[in-house]
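**Student:** Fold the following.
(2 chains)
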Amino acid sequence: MAFVSLPAVKRTLITLRAPAQQGDRTAKSFALQAGLSVLLLLMMLLSLGWGAASDTDVLGAIGAKFGVGSASARDMSIVWDIRMPRMLTATVVGAALAVSGAVMQGLFRNPLADPGLVGISAGAGFGAVVAIVLGGFLPVALLGLVGPYLIPLAAFFGGWASTLILYRIATRGGRTSVITMLLAGIALGALTGAATGFLVYRADDDQLRDLTFWGMGSVAGASWFKFMTAGPIIILALVATPFLARALDALALGEPVAEHMGIDVQRMKRISILSVAASVGASVAITGGIGFVGIVVPHLLRLFQGPVHRLLLPNAALLGAVFLLIADMLSRVVVAPAELPVGIVTATVGGPFFLWILLKNRAMLDV
Amino acid sequence: MLKAKNITVTFGQRQVLQGVDFEARPGELTAIVGPNGSGKTTLLKAITGEVPSTGDALLDGHLLSDMSPVERATRRAVLPQSGSVAFPFTVLELVRLGLTSGRGTDSLTAMEALPHKALARVGLRGFEGRFVQDLSGGERQRVQLARVLVQIWDPVLDGSPRWLLLDEPVSALDIGHQLVVMEIARDFAQAGGGVIAVMHDLNLTSMFAHKVVLLNEGKVQSTGTPQHVLTNENLSTCYGCAVRTNTPPPLGGPWILPQAASCAAGFAE
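**Tutor:** Residues are numbered from 1 along each chain as shown, chains lettered A, B, ... in the order given. Here you go, the predicted model:
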């Protein structure tokens, strides 16, 4: 007797073959996915041409890199050394934050869970600060081993530890209390914030520059080096999430029901927490804490295409990337010639949005 | 054969179940009845593994706790008493979640049709596009039943019976839909599957159950056919009120009329 669990591809085929059914938002979601893919490509290109040097020949510089046509050395440098790593960083970090938000919300069974709000970003930030300030005290052999991955790794462990602590505190008997979750998040955030502050005072001038710059939540400091250290971790974590989709759907009905439906709940929780910690940790390590992407993007998508995670997660990645690319472009022009940290832009959009969700879900909190 | 041996469940200081033995056969609808707090739901949850217990729950001689979650989900489905849904699923989306596990060989067309068949079976044809949170309690209960049916649609798979475990499946339903749901359970059993249902309504139990397990204060009071178990004496002892059972000709089973709640304290006391 072979008990085979139903693969995602087959489930998708099942829903796609009859696209016009009532109550089925698969076709809608795929249409959105196509639209968002095109929009993402456009925004990526636009982002390369956006900025003070607006006369840059972006397409020429891209072509020249691949041996088609030619471009000036100045244009090559602007596009390939400055804007390309920044654009790619915004793309993967936006995707990572939005997908992590969706996974967290599924795991906590609550639309208000967000890595930034509940202290996971702060925990990851604390890990990164520890690495920046105290990294020099590590044995040389160990430093050689982890090399450039030290800060992303430390951020990952910080994020992982805070997610775990949060989940343990907020969940009892398979039920997660929203109020406990948010309050524990505030406490965790305050605690790691204090510890971070303490370390900041211990830092020397060079380290301090690193810290200040990075603490604002910005993609302006992106470099190929940073992108190459954190990018693979984020992409790996994102690739793991589609395998969680079915379990996250089942979890919406409660832990016991998910278990009855054949989900290994403990295992999927561990994987979810690891994937959130990895992608948030790596993101925080290269851009600092950028808030609200994880709450705005999944919420908008759920309104439009429903909560089925198999369809939600890919679109969250696309819309998250688009959202952060646009926010980054805004941050380059609103106070030109200076630049705002992109975290300020996302908070300006996300704060009121969060309040709106809160008002809509007030009944849920009055327990 | 689904067997539970010597099940004991303790909540804090209180033993909710004390060494209960339980047995259900495929092809039969086994009802668990008993007054509030007698341990009906707890017994079902001990069998599904939802509450920790001492003792063994065996399916065809194999410990249920040794099976993988996917294997368990292929062999049995569980309808909980009540359930909240965290996000705004449509009825169709929710029922499709029942397709969690199944045979890899089932054709796409068959699987596509299953949620619709299940919805029609529970009397919710045309509800596909409605949001689950906007439905009434009874409609929601039937949506959950449709999801559970999708999970184990065939009562017998590859020669092994599958099991439907229902926790008060008709508690929120009007009398018409109570019959619809009980008929689904009976048909599932008659097609070779096994059904265990926690029941409050003794008359429905009498009408549909092949076997009744009467619990009282965490112990089995009586087990057997409805005629054997649902007697004046057993029911008066367990429920603390006088009842009169009667057997109208077309039914075959006893018919229970509560007389007076002799056990309850009056307002004056």
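**Student:** and whichever residue of the stretch 151-269 of chain B sits closest to chain A, backbone torsions?
**Tutor:** When you check the stretch 151-269 of chain B against chain A by CB to the nearest CB, the closest residue turns out to be B:D158, at 5.1 Å. In short, each C-beta sits where N, CA and C put it, glycine included. With angles defined as degrees, to the nearest 10, B:D158 shows backbone torsions of phi 50, psi 40.
**Student:** those helices in the stretch 1-150 of chain B, which residues are they?
**Tutor:** Assigned helices in the stretch 1-150 of chain B, in chain order: B:40-48, B:69-75, B:91-96, B:108-121, B:137-151 (criterion: DSSP state H, counting those that start in this stretch).
**Student:** any chance of the ones you listed in JSON lines, with distance to B:G192 too?
**Tutor:** Rendered in JSON lines, the data for the helices of the stretch 1-150 of chain B read as follows (distance: least, CB to CB, whole Å):
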{"stretch": "helix B:40-48", "distance to B:G192": "20"}
{"stretch": "helix B:69-75", "distance to B:G192": "14"}
{"stretch": "helix B:91-96", "distance to B:G192": "23"}
{"stretch": "helix B:108-121", "distance to B:G192": "17"}
{"stretch": "helix B:137-151", "distance to B:G192": "15"}
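**Student:** ok, residues contacting stretch A:267-282?
**Tutor:** A:96-97, A:99-100, A:103-104, A:106-107, A:115, A:120-121, A:124, A:127, A:152-153, A:155-160, A:163-164, A:167, A:230-231, A:233-234, A:236-238, A:240-241, A:243-244, A:247-248, A:251 (CB atoms under 8 Å, 6 or more residues apart in numbering or on different chains).
**Student:** Which members of these additionally contact chain B?
**Tutor:** A:L251 (CB under 8 Å from any CB of the partner chain).
**Student:** Quick check on the contacts of stretch A:267-282: which are buried?
**Tutor:** Among the contacts of stretch A:267-282, those that count as buried by neighbour count (16 or more other CB atoms under 10 Å in any protein chain shown) are A:96-97, A:99-100, A:103-104, A:106-107, A:115, A:120-121, A:124, A:127, A:152-153, A:155-160, A:163-164, A:167, A:230-231, A:233-234, A:237-238, A:241, A:244, A:247-248, A:251.
**Student:** can you tell me which of the residues you listed are in helices?
**Tutor:** Among the buried ones among the contacts of stretch A:267-282, DSSP state H puts A:96-97, A:99-100, A:103-104, A:106-107, A:120-121, A:124, A:127, A:152-153, A:155-160, A:163-164, A:167, A:230-231, A:233-234, A:237-238, A:247-248, A:251 in helices.
**Student:** how far does stretch B:75-83 sit from the chain's center?
**Tutor:** Taking CA atoms, centre = their mean, to the nearest Å, one finds the center of stretch B:75-83 at 8 Å from the center of the full chain.
**Student:** whoops, stretch A:220-232 was the one
**Tutor:** On the basis of CA atoms, centre = their mean, the separation between the geometric centre of stretch A:220-232 and that of its chain is 15 Å.
**Student:** Give the buried residues for it.
**Tutor:** For stretch A:220-232, the buried set under the neighbour-count rule, 16+ other CB under 10 Å, comprises A:A220, A:G221, A:A222, A:K226, A:F227, A:T229, A:A230, A:G231.
**Student:** Name all residues that make contact with B:V85.
**Tutor:** B:V85 is in contact with A:A252, A:L253, B:L94, B:V132, B:Q133, counting by CB under 8 Å, 6+ apart.
**Student:** I'd like to know how many residues surround the third one.
**Tutor:** Think B:L94. Counted by other CB atoms under 10 Å in any protein chain shown, the residues lying close to B:L94 total 25.
**Student:** Nearest spatial neighbour of it, chain-adjacent residues omitted?
**Tutor:** Setting aside the residues directly before and after it, B:L94 is nearest to B:V132 in space (CB to CB, 6 or more residues apart in numbering or on different chains), at 5.4 Å.
**Student:** Run a quick neighbour tally on that neighbour.
**Tutor:** A count of neighbours around B:V132, defined by other CB under 10 Å, yields 23.
**Student:** Next one: it from B:G49, what distance?
**Tutor:** Taking CB to CB, to the nearest Å as the measure, B:V132 and B:G49 are separated by 26 Å.
**Student:** What of B:G224?
**Tutor:** B:G224 sits 27 Å away from B:G49 when distances are taken as CB to CB.
**Student:** Could you check which of those two has the larger neighbour count?
**Tutor:** Each of B:G224 and B:G49 has its neighbours counted (other CB under 10 Å); B:G49 has more, 18 against 12.
**Student:** Am I right that that one is in contact with B:L63?
**Tutor:** No: between B:G49 and B:L63 there is no contact, the gap being 10.2 Å when judged by CB atoms under 8 Å.
**Student:** Which residues are in contact with each of these two?
**Tutor:** In contact with both B:G49 and B:L63: B:A57, using CB under 8 Å, 6+ apart.
**Student:** Need the three-state assignment for B:M182.
**Tutor:** Taking DSSP: H, G, I helix; E, B strand; the rest coil as the rule, one finds B:M182 in the helix state.
**Student:** Now do the same contact list for it.
**Tutor:** For B:M182, the contacting residues are B:P169, B:V170, B:L204, B:M207, B:F208, by CB under 8 Å, 6+ apart.
**Student:** and the second one, what does it touch?
**Tutor:** What it means is B:V170. Applying CB under 8 Å, 6+ apart, we find B:V170 in contact with B:H177, B:Q178, B:V181, B:M182, B:M199, B:D201, B:L204.
**Student:** Let's see that with 6 Å instead.
**Tutor:** Under the criterion of CB atoms under 6 Å, 6 or more residues apart in numbering or on different chains, the neighbours of B:V170 are B:Q178, B:V181.
**Student:** Where does it sit: helix, strand or coil?
**Tutor:** Put simply, B:V170 is coil when judged by three-state DSSP.
**Student:** just the helices in the stretch 51-200 of chain A please.
**Tutor:** Listed in chain order, the helices found in the stretch 51-200 of chain A under DSSP H, counting those that start in this stretch are A:58-65, A:73-76, A:84-108, A:120-134, A:140-146, A:150-170, A:178-202.
**Student:** To A:F353, which of these lies closest?
**Tutor:** Each of the helices of the stretch 51-200 of chain A was scored for nearness to A:F353 using CB to CB, and the closest is helix A:84-108 (12.2 Å).
**Student:** Identify the residues contacting that closest one?
**Tutor:** Counting by CB under 6 Å, 6+ apart, residues outside helix A:84-108 touching it are A:44, A:47-48, A:111, A:113-115, A:176, A:219, A:222-224, A:227, A:231, A:234, A:238, A:241, A:248, A:272, A:276, A:279-280, A:283, A:287, A:293-295, A:297-298, A:312-313, A:316-317, A:320-321, A:323-325, A:328.
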